[in-house]
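Participant: Following is a predicted model, sequence given first.
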Amino acid sequence: MDPSKDLAAYGYGSVAWKERMESWKQRQEKLQTMKNEKGGKEWDDDGDNPDLPLMDEARQPLSRKLPISSSQINPYRMIIVIRLVVLGFFFHYRVMHPVNDAYALWLISVICEIWFGLSWILDQFPKWLPIDRETYLDRLSLRYEKEGQPSQLAPVDIFVSTVDPLKEPPLVMANTVLSILAVDYPVDKVSCYVSDDGAAMLTFEALSETSEFARKWVPFCKKFNIEPRAPEFYFAQKIDFLKDKVEASFVKERRAMKREYEEFKVRINALVAKAQKVPEEGWTMQDGTPWPGNNVRDHPGMIQVFLGQSGGHDSDGNELPRLVYVSREKRPGYNHHKKAGAMNALVSVIRIHLSWVSAVLTNAPYLLNLDCDHYFNNSKAIREAMCFMMDPLIGKRVCYVQFPQRFDGIDRHDRYANRNTVFFDINMKGLDGIQGPIYVGTGCVFRRLALYGYDAPKAKKPPTRTCNCLPKWCCCGCCCSGTKKKKKNTKPKTELKKRFLKKKDAGTPPPLEGIEEGIEGIETENPTPQHKLEKKFGQSSVFVASTMLEDGGTLKGTSPASLLKEAIHVISCGYEDKTEWGKEVGWIYGSVTEDILTGFKMHCHGWRSIYCIPARPALKGSAPINLSDRLHQVLRWALSSIEIFLSRHCPLWYGYGGGLKWLERLSYINATVYPWTSIPLLAYCTLPAVCCLLTGKFITPELSNVASLWFLSLFICIFATSILEMRWSGVGIEEWWRTEQFWVIGGVSAHLFAVFQGLLKVLAGVDTNFTVTSKGGDDEEFSQLYAFKWTTLLIPPTTLLIINLIGVVAGVSNAINNGYESWGPLFGKLFFAFWVIVHLYPFLKGLLGRQNRTPTIIIVWSILLASIFSLLCVRVDPFLAKSDGPLLEECGLDCN
Ligand SMILES: O=c1ccn([C@@H]2O[C@H](COP(=O)(O)OP(=O)(O)O[C@H]3O[C@H](CO)[C@@H](O)[C@H](O)[C@H]3O)[C@@H](O)[C@H]2O)c(=O)[nH]1
Ligand SMILES: [Mn+2]
């Protein structure tokens, strides 16, 4: 918050630029003193060269890797190695010491343990080399926004996906769109496309309202430099008006804007209220024509420009970013490929569309995609991403920059581990040290080229260090913009051409040297024949031609009318038939969710991705905080993993010989294999109950001293790795524990169902739907947490809970009957049963809800299953009968 200056003008080349210069100068001074103190030792990571004269600031790398300090990472690595060794000894002991009178129990438990061990390895080793990163926004400015010149920052197209206005309230979408339109980036370089898969007139009209409100909101944001720029969240912030910096004019305008926003909300809510009941003859638009999207499953493609270049001005007369509504065609009998299909329709449409709107094909080499509920919480987020993408040294090989997902409105204790910080702050940082984070579906800036399915440019070793800013790999042409331009390497160009001609599959990577500067591309002749490109990208000559144009040229001989026809053509159902869309190009189809596969393919093409965590979270979204919605979300993710695992894209076999690094592969294997762990997990959570109910049986023989030592060391190692992991990542103990709990809860419900549904799909071709999660309405805070919806997913964990509780009771009462000696062996079992119960505890809480209104059906089912189960065990091995060999075999547990 810096409402300090009442600026008459804002934008680049003006005050904002000067401010940046100031801060840069200050940094310089600080830097200088630091260098003097440290002797410049720590400054040579990735090209940061201490000897550089200060004048070269604009040529310095735009970001820097910050390895985790060795005092934190080395003990961590050491304990991993120790844990591996201990695990080896542990398994040696387990395998060599079967339990003769409970052989089945022993065998099952050992198999489970081995599986857990393997999945630990898959999860652990991609975390061997975690890193942090630091960006230099001021250098980006110095480099690409020179005073008095037009900005040279690269254009970005921002995609917002929405599908169901009831589950994804228009107000939520409006806030996202407003935060995009107000982003701190040259307005002529930002375009926002909203994809409406629900073809809802409500969404359309809400967007129209939003574009009007944006004319007031955007100048307000920029004038006072506020954060975040999504009004709902901005006005929800507490501001201390007594602080000295707050100016009267700001207070006044803020109050006025708040009122405007409230009126805007009223208008949106009126639209929502109107949309509750569909008129019999369907919706009609304001001009009296029927709404084309009245049949959601059968309607033509629709495109509407809300803020184009003419007319897209704010209340101060400044230009606004473009805002376009797109709803792709839907026809019965076509597979629409859910969100991936929507994104691909947008990729195809935008280039044509832009040329239609502005008659100039803007060169948007980058795309940012967002879910409708993920708003810009940091208005500089695009700049953060550009610090990687537009870095002449590392940028060329970056396919996407992923921001972590952060959330609003999660209950304080984050009962169902919605924040997922273990994933976002541990695993993803680990991957960033290898080949980059996986794509999580939202908050990701893509290089368009990488989406077109091209290979990453090969890293070349520089022959000699020709200039002072060379890192490990560098093409001379790019590093010293300005001075060395004329020398722009000619050799790589011919090399590249040879490569294209040889490689039939990879098609034509457009001129690679041209992209790095984003603006000034180089024209190369087209080595791939037109018909091949049409086979790849579809029968749109305009689109195919646009894939060639990297340099913002104009498509000659195309009239606006024919361009609109083209645009509608590329969002039609049949357009992608027999093309490589969804197979090699764009967002990849084949699983319920598109994220893992899309990123995986890019990594297989040799690209690297970057994980960017700005101090102020770049984007924020909402998450399902009630149990059933959360389980369904996890089910969708797990199902998608199973689908990938069972497809030709299974990371175990796919993509060798490409550019995928082996540790990266390991993590993709982990990401697709994990739902299978639900089977051993279910077994392992059942075992304690069985053990408690069957007297005298346990999964291990009586422990010797040496054996206890292995058990104990393993526990200590597990504990120590977690502690050290939390230490380097900054993840708190509560978050970590929630993740552990939810791993068990999700494991024995959602993941388990995913395995069966996935098998069903592969074997019987049963397709599954994308269940969209509801994005928080404006009702009572956290009421969602207690909302309860019945779902079959709840049966297995409920049953587990009950049998383990029964097991504990039975075990204890049995021990009481049998006197003092039987407490010893019981300890192990009880510990084991408690382990299960404690992990399922948040589930129990969710089940009980706020008013203790667990639907009877679940209780009935679970009690039924639990009692059948207990009866079986009890009948087979009554508590008081000591040995009953023949009977035991009935329960399938061969205990002899
Ligand atoms: O047919 C569809 C289905 C969904 N969506 C959009 O997909 C997004 C994600 O849906 P959501 O219900 O919010 O799923 P989440 O589980 O909350 O989202 C995470 O997981 C998804 C994959 O499962 C990713 O696509 C998302 O980016 C990621 O945030 C939303 O914007 C939807 O509008 C479509 O556009 N078309
Ligand atoms: Mn979501």
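Facilitator: Great, that's in hand. Ligands and ions are numbered 1, 2, ... in the order given.

Participant: Show me what from the protein comes close to ligand 1.
Facilitator: Listed as neighbours of ligand 1 in the chain under the rule C-beta under 6 Å from any ligand atom: 161-163, 168, 195, 197, 338-339, 342, 371-372, 441-442, 593, 595, 633, 636-637, 770, 772-773. Any C-beta I mention is one placed from the backbone N, CA and C, and that applies to glycine too.

Participant: Just the residues you listed: which are in strands?
Facilitator: Using DSSP state E, the members of those that fall in strands are S161, T162, S195, D371.

Participant: Spell out, range by range, the strands that occur in the chain.
Facilitator: With DSSP E as the criterion, the chain has strands at 63-67, 131-135, 156-162, 190-196, 302-307, 322-327, 366-371, 375-376, 398-402, 406-407, 444-447, 608-611, 619-621.

Participant: Out of those strands, which gets the lowest mean score?
Facilitator: Mean pLDDT values for those show the minimum at strand 302-307, a mean of 84.

Participant: What is that strand packed up against?
Facilitator: helix 201-224, strand 322-327, helix 338-358, helix 560-570 (3 or more C-beta pairs under 8 Å, 6 or more residues apart in numbering; DSSP states H and E).

Participant: and that strand with strand 322-327, angle?
Facilitator: If you take axes from the mean of the first three to the mean of the last three C-alpha atoms, to 10 degrees, strand 302-307 sits at 160 degrees to strand 322-327.

Participant: Report the angle between strand 302-307 and strand 190-196.
Facilitator: Using the same axes, to 10 degrees: strand 302-307 against strand 190-196 is 150 degrees.

Participant: related to what we said a few turns ago, farthest pair in the ones in strands among the residues of the chain next to ligand 1?
Facilitator: S195 and D371 (10.8 Å; C-beta to C-beta).

Participant: what's the overlap in contacts for those two?
Facilitator: Contact criterion C-beta atoms under 8 Å, 6 or more residues apart in numbering; residues shared by S195 and D371: V160, S161.

Participant: Most neighbours among the ones in strands among the residues of the chain next to ligand 1, which one is it?
Facilitator: Within those, most neighbours by other C-beta atoms under 10 Å means T162, with 29 neighbours.

Participant: which residues does the residue nearest to it when sequence neighbours are not counted contact?
Facilitator: Excluding its sequence neighbours, the residue lying closest to T162 (C-beta to C-beta, 6 or more residues apart in numbering) is C372, at 3.8 Å. Counting by C-beta under 8 Å, 6+ apart, C372 touches V160, S161, T162, E168, V172, M173, T176, V194, K775.

Participant: Next, work out how far apart the spatially closest residue to the last one that is not a sequence neighbour and D188 are.
Facilitator: Among residues not flanking K775 along the chain, D373 sits closest, at 4.3 Å (C-beta to C-beta, 6+ apart). Using C-beta to C-beta, to the nearest Å, one gets 27 Å for the distance from D373 to D188.

Participant: Count the residues that sit near I382.
Facilitator: Residues contacting I382 under the criterion other C-beta under 10 Å number 27.

Participant: same thing with E280?
Facilitator: For E280, using other C-beta under 10 Å, the count is 5.

Participant: Run a quick neighbour tally on the closest residue to Q60 other than its chain neighbours.
Facilitator: Spatial nearest neighbour of Q60, excluding adjacent residues (C-beta to C-beta, 6+ apart): R139 at 5.8 Å. By other C-beta under 10 Å, 21 other residues sit near R139.

Participant: same check, this time on R412
Facilitator: Applying other C-beta under 10 Å, we find 8 residues neighbouring R412.

Participant: Could you do the one 10 residues further on as well?
Facilitator: For V422, the tally of surrounding residues (other C-beta under 10 Å) stands at 23.

Participant: try F376
Facilitator: With other C-beta under 10 Å as criterion, F376 counts 30.

Participant: and what of the one 3 residues further on?
Facilitator: Here the count is done by other C-beta under 10 Å, and S379 has 22 residues near it.

Participant: That one and L178 touch, don't they?
Facilitator: No - the criterion here is C-beta atoms under 8 Å, and S379 misses it with L178 at 11.3 Å.

Participant: okay, and the common contacts of these two?
Facilitator: Contact criterion C-beta under 8 Å, 6+ apart; residues shared by S379 and L178: R229.

Participant: Considering only the stretch 451-600 of the chain, name the residue that lies closest to ligand 1.
Facilitator: T593 (3.3 Å; C-beta to the nearest ligand atom).

Participant: what sits against that residue?
Facilitator: Contact analysis of T593 by C-beta under 8 Å, 6+ apart lists K338, K339, G441, R636, W637, S640, F770.

Participant: The residue nearest to T162 and V194: what is the separation?
Facilitator: Using C-beta to C-beta, one obtains 8 Å as the distance from C372 to V194.

Participant: overlap in contacts of those two?
Facilitator: Joint contacts of C372 and V194 (C-beta under 8 Å, 6+ apart) are V160, T162, M173.

Participant: now, among those, which is nearest to S63?
Facilitator: Distance ranking of the shared contacts of C372 and V194 against S63, using C-beta to C-beta, places V160 first at 26.6 Å.

Participant: Pretty sure that closest one sits against N175.
Facilitator: No - contact criterion C-beta under 8 Å: V160 and N175 do not qualify, at 10.9 Å.

Participant: neighbours around the residue nearest to G758 when sequence neighbours are not counted, how many?
Facilitator: Residue nearest to G758 in three dimensions, not counting chain neighbours: I642, with 3.0 Å by C-beta to C-beta, 6+ apart. Neighbour count of I642, defined by other C-beta under 10 Å: 26.

Participant: likewise G746?
Facilitator: 29.

Participant: Quick check: it vs L793, distance?
Facilitator: Noted for G746: a distance of 9 Å to L793, by C-beta to C-beta.

Participant: Now do the shared contacts for those two.
Facilitator: Residues touching both G746 and L793 (C-beta under 8 Å, 6+ apart) are L631.

Participant: Does L681 touch G747 like I think?
Facilitator: Yes - if you go by C-beta under 8 Å, L681 and G747 touch, sitting 4.4 Å apart.

Participant: Please list all residues in contact with the residue in the stretch 301-450 of the chain that ligand 1 sits nearest to.
Facilitator: Here the stretch 301-450 of the chain gets closest to ligand 1 at one residue, G441, 2.5 Å apart by C-beta to the nearest ligand atom. By C-beta under 8 Å, 6+ apart, the contact set of G441 is K339, N369, D371, T593, E594, D595.
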